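# Predicted model and sequence below, questions to follow.
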Amino acid sequence: MRDVYVAGIGITSFTRLEYPLAEIAAFPAMLAMKDSGLTDIEQVYVANMGAARVNHQTALASAVVDSLSLTPAGAASIENGPASGSAAIKEGFLAVASGMHDIVLVTGAERMREVNNLEATDFIATLTHPLAEYIYGVTLPSHAAMFTRLYMEKYGVTERHLAMVAVKNQNNAMLNEFAHLHQPITIEGILDSPEAMTNNPYVAEPLRFFDACPVSDGGAAVILVSEKVAKSIDRPLVRIAGVGQATDTHAVHERENPTDLLAVRRAAELSFGMAGLTPSDVDVAELHDAFTILEIAESEEVGFFAKGEGHIALEKGETALDGRLPINPSGGLKGKGHPVGATGVGQAHEIVHQLRGEAGARQVADARVGFTCNFGGFGNNVICLTFVREN
Amino acid sequence: MAREIYAYECTECGTLHYPFKMRCRNCGELEPFKFKTVPLPKRGKLLTFTKVYNLPAAYEVATLGIAIVELENGVRVTGQLEVDDPTIGMDLLGDVGVVREEPYNRYWGFIFRAA
């Protein structure tokens, strides 16, 4: 396989966007082309989950490649639930690594604020098992809640730990101009004060409003290139050193140990294995915190902390922006937002930003190795990427 | 006649599956549909649960109990939970009732109550 580099990045604000979905995908792609100085795109991958269902549009990639005036480049849409973004990066990686293409654009986009909250919740719930889960009214918050309850019983995680993740990530998001939530919060305001129960009601016990990410529109893009192209442009060299993907049972109840996220563990092992690195080499990580508990659980499964000790590392401040291993400096899904199809590409955007040393007020000092975990379904389709700054 | 929810027993090795799969996860038999349906037991223990407040479209109730239950034959299922103060490990008895209603469509599934 050939080495694959990220030559350019672009992102929209993650928020409510009032322009069409294809343009939400095309806008960050324009920024990424400008960033890299590359316009001779040979292949385009567009990551998205809800175009057909939410926006009444199919074959999104064909619309995007045309909007960008990149025809006759090849183009394909990638739908892989909330892990669509990293799945598209994996396809782009393979296209370059194989030698088939030298310059590939990967852009992810979602426009899910077009429908109301009930419909958005239902749209995401369609990734559950149609006969064994969906018909019961199972939602992603309910899966996360049932998982949280077991984590609390087994490892002593409390609502306070969950609130600490929310506070950390929303405060990181304050430093990110593209983040959806620019709302600083405190433990006092969402947990301890008399008003806290009004500010922060349950959405699915024991998870509260501030344990869940917002519903966002947004897009993010990366341009992936071969070594020859990467060295011909004046950009810092960030290489995708590891790509790992793994799956788990569709119905969550079929998992032997319901507090394990085996697909996260396997995807991380594969990613680190390909990179020839270990979790202790990582300087900065973006983990898929659609719910606060997931940041804690994923930080253990990917190998940063021992199982059951993620919340202790959090308590000690190890995952804070100035800690030993900053997690979600962008604000994560919790603070930055979760336009599902764009999320994995957005994670890559942040890590490249960090490794280039361009992250401004939220810059992690001397970051050379970055890591992302994009969690599809309720952990049934997970992709982990390892990035290395090379010069 | 009592309504049933069925598990799928591999006719080659006897492994029970719920929900249905095309291929047995234990023996990997490649001949399709080599399963026989077996009614699931109704008794089980509560493995984990939640009370959901933000329900998807189609549910016109304020909250809904959702649970994962281990049935007495070891098969686990997801279902609705109608228990006021549930505790992990409590004994439950399932009934098969309407769990989702859409125009012209009703879906039947497990509804668990305290045993």
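Noted; the coordinates are in hand. Quick caveat, the model's predicted, so the values are computed rather than measured.
# Next up, the contacts around A:Ile9.
Residues in contact with A:Ile9 (C-beta atoms under 8 Å, 6 or more residues apart in numbering or on different chains) are A:31-32, A:35, A:220-223, A:348-349, A:352-353. Quick note: C-beta positions are derived from backbone N, CA and C, even for glycine.
# List phi and psi for it.
phi -140, psi 150 (degrees, to the nearest 10).
# strands paired with the longest strand along chain B, and their directions?
Taking DSSP state E as the criterion, chain B has its longest strand at strand B:91-102. According to DSSP bridges, strand B:91-102 has the following sheet partners: strand B:43-52 (antiparallel), strand B:105-114 (antiparallel).
# and those strands, which is most packed in?
Among those, ranked by average contacts under mean count of other C-beta atoms under 10 Å in any protein chain shown, first place goes to strand B:43-52 (a mean of 22).
# Any residues of chain B in contact with chain A? List them.
B:18-20, B:47-59, B:64, B:66-68, B:76-80, B:88, B:99-100, B:107, B:109-110 (C-beta under 8 Å from any C-beta of the partner chain).
# As JSON lines, the strands paired with strand B:91-102 with mean pLDDT would be great.
Putting the strands paired with strand B:91-102 into JSON lines (pLDDT from 0 to 100) gives the following:
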{"stretch": "strand B:43-52", "mean pLDDT": "98"}
{"stretch": "strand B:105-114", "mean pLDDT": "96"}
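# for the ones you listed, which one sits closest to A:Ala63?
strand B:105-114 (32.8 Å; C-beta to C-beta).
# Residues touching the longest strand of chain B, excluding its own?
The contact list for strand B:91-102, computed with C-beta under 8 Å, 6+ apart, reads A:135-137, B:2-5, B:42-46, B:58-59, B:67, B:69, B:71, B:79-81, B:83, B:106-115.
# a markdown table please, covering the strands paired with strand B:91-102 and showing distance to A:His143.
Formatted as a markdown table, these follow (distance: least, C-beta to C-beta, whole Å):
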| stretch | distance to A:His143 |
| --- | --- |
| strand B:43-52 | 9 |
| strand B:105-114 | 16 |
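# Would you map the strands across chain B?
B:6-10, B:16-17, B:35-39, B:43-52, B:64-71, B:76-81, B:91-102, B:105-114.
# which other helices and strands contact the fifth one?
To tie it back to what came earlier, the one meant is strand B:64-71. In terms of contacts (3 or more C-beta pairs under 8 Å, 6 or more residues apart in numbering or on different chains; DSSP states H and E), strand B:64-71 is packed against helix A:140-155, strand B:43-52, strand B:76-81, strand B:91-102, strand B:105-114.
# so how many other residues sit close to residue 3?
Reading this off chain A. 16 (other C-beta atoms under 10 Å in any protein chain shown).
# To clarify, I was referring to chain B.
For B:Arg3, the neighbour count with other C-beta under 10 Å is 10.
# Give me the pLDDT for the nearest residue to it once chain neighbours are set aside.
Distances taken as C-beta to C-beta, 6 or more residues apart in numbering or on different chains put B:Val96 closest to B:Arg3, at 3.8 Å, once the chain neighbours are dropped. Looking at B:Val96, its pLDDT is 97.
# Let me know whether A:Gly50 touches A:Asp217 as I believe.
No. Between A:Gly50 and A:Asp217 there is no contact under C-beta atoms under 8 Å: 10.6 Å.
# shared neighbours, those two?
Here A:Gly50 and A:Asp217 have A:110-112 as joint contacts, going by C-beta under 8 Å, 6+ apart.
# can I get these in CSV with neighbour count, pLDDT and distance to chain B?
Formatted as CSV, these follow (neighbours: other C-beta atoms under 10 Å in any protein chain shown; pLDDT from 0 to 100; distance: C-beta to the nearest C-beta, whole Å):
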residue, neighbour count, pLDDT, distance to chain B
A:Glu110, 33, 98, 18
A:Arg111, 29, 98, 18
A:Met112, 24, 97, 14
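# A:Phe147: which of the residues you listed is nearest?
A:Met112 (22.9 Å).
# Now for that closest one: which residues touch it?
A:50, A:54, A:120, A:123, A:215-217, A:339-340.
# one more time with 7 Å, if that's ok
Counting by C-beta atoms under 7 Å, 6 or more residues apart in numbering or on different chains, A:Met112 makes contact with A:50, A:54, A:120, A:123, A:215, A:217, A:339-340.
# Same question for A:Val282.
Applying C-beta under 7 Å, 6+ apart, we find A:Val282 in contact with A:325, A:369, A:371.
# cool, and A:Thr12?
A:24, A:27-28, A:218-219.
# among these, which are in helices?
A:24, A:27-28 (DSSP state H).
# For PyMOL, what selects the buried ones among the residues you listed?
With 16 or more other C-beta atoms under 10 Å in any protein chain shown as the burial test, the buried ones among those are selected in PyMOL as follows:
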select buried, chain A and resi 24+27+28
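# out of the ones in helices among the contacts of A:Thr12, who's nearest A:Gly99?
Nearest to A:Gly99, judged by C-beta to C-beta, of the ones in helices among the contacts of A:Thr12 is A:Pro28 at 26.7 Å.
# Could you report the distance from that closest one to A:Val222?
Per C-beta to C-beta, to the nearest Å, A:Pro28 is found 9 Å from A:Val222.
# same check, this time on A:Phe209
The spacing between A:Phe209 and A:Val222, counted by C-beta to C-beta, is 32 Å.
# So which of these two has more stuff around it?
The neighbour comparison of A:Phe209 against A:Val222 (other C-beta under 10 Å) goes to A:Val222, with 31 against 14.
# and that one, that's in a strand?
Yes. Assessed with DSSP: H, G, I helix; E, B strand; the rest coil, A:Val222 lies in a strand.
# Residue numbers of the stretch 201-350 of chain A in contact with chain B?
A:202-205, A:251, A:253-254, A:258 (C-beta under 7 Å from any C-beta of the partner chain).
# contacting residues for the nearest residue to A:Glu153 once chain neighbours are set aside?
Among residues not flanking A:Glu153 along the chain, B:Ile88 sits closest, at 6.2 Å (C-beta to C-beta, 6+ apart). Contacts for B:Ile88 were tallied using C-beta under 7 Å, 6+ apart; they are A:153, B:46, B:48.
# Next up, the contacts around B:Arg23.
Contacts of B:Arg23 by C-beta under 7 Å, 6+ apart are B:Glu29.
# same deal with B:Glu70?
Contact partners of B:Glu70, counting by C-beta under 7 Å, 6+ apart, are B:44-45, B:47, B:76.
# Let's have those residues in a markdown table, adding distance to A:Ala179.
Output for the contacts of B:Glu70, formatted as a markdown table (distance: C-beta to C-beta, whole Å):
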| residue | distance to A:Ala179 |
| --- | --- |
| B:Gly44 | 44 |
| B:Lys45 | 43 |
| B:Leu47 | 36 |
| B:Arg76 | 38 |
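# Go through the residues you listed and say which is closest to A:Glu318.
Using C-beta to C-beta, B:Leu47 comes nearest to A:Glu318 of the contacts of B:Glu70, at 31.5 Å.
# That closest one: what's it in contact with?
A:258, B:68-70, B:76.
# Scan the residues you listed and report the most crowded one.
Scoring the contacts of B:Leu47 on neighbours with other C-beta under 10 Å, the highest-scoring entry is B:Ile68 at 28 neighbours.
# pLDDT below threshold where in chain B?
B:1 (pLDDT under 70).
# Dead centre of it: give me the residue that sits there.
Centrality entry for chain B: nearest residue to the mean C-alpha point is B:Val77, 3.7 Å, by C-alpha atoms, centre = their mean.
# From A:Ala251, how far out is it?
Counting by C-beta to C-beta - B:Val77 and A:Ala251 are separated by 9 Å.
# Now tell me which helix or strand of chain A has the poorest mean pLDDT.
The weakest-scoring helix or strand in chain A, judged by mean pLDDT, DSSP states H and E, is helix A:117-125 (a mean of 90).
# Could I have the CA atoms of that helix written out in PDB?
Provided in PDB are the C-alpha atoms of helix A:117-125 (Å, rounded to 0.1, in the frame of the first residue of the first chain):
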ATOM      1  CA  ASN A 117     -37.100  16.800  16.900                       C
ATOM      2  CA  LEU A 118     -39.600  13.900  16.800                       C
ATOM      3  CA  GLU A 119     -38.800  13.100  13.200                       C
ATOM      4  CA  ALA A 120     -35.000  13.500  13.800                       C
ATOM      5  CA  THR A 121     -35.100  11.100  16.800                       C
ATOM      6  CA  ASP A 122     -37.100   8.700  14.700                       C
ATOM      7  CA  PHE A 123     -34.600   9.000  11.700                       C
ATOM      8  CA  ILE A 124     -31.700   8.100  13.900                       C
ATOM      9  CA  ALA A 125     -33.600   5.300  15.600                       C
END
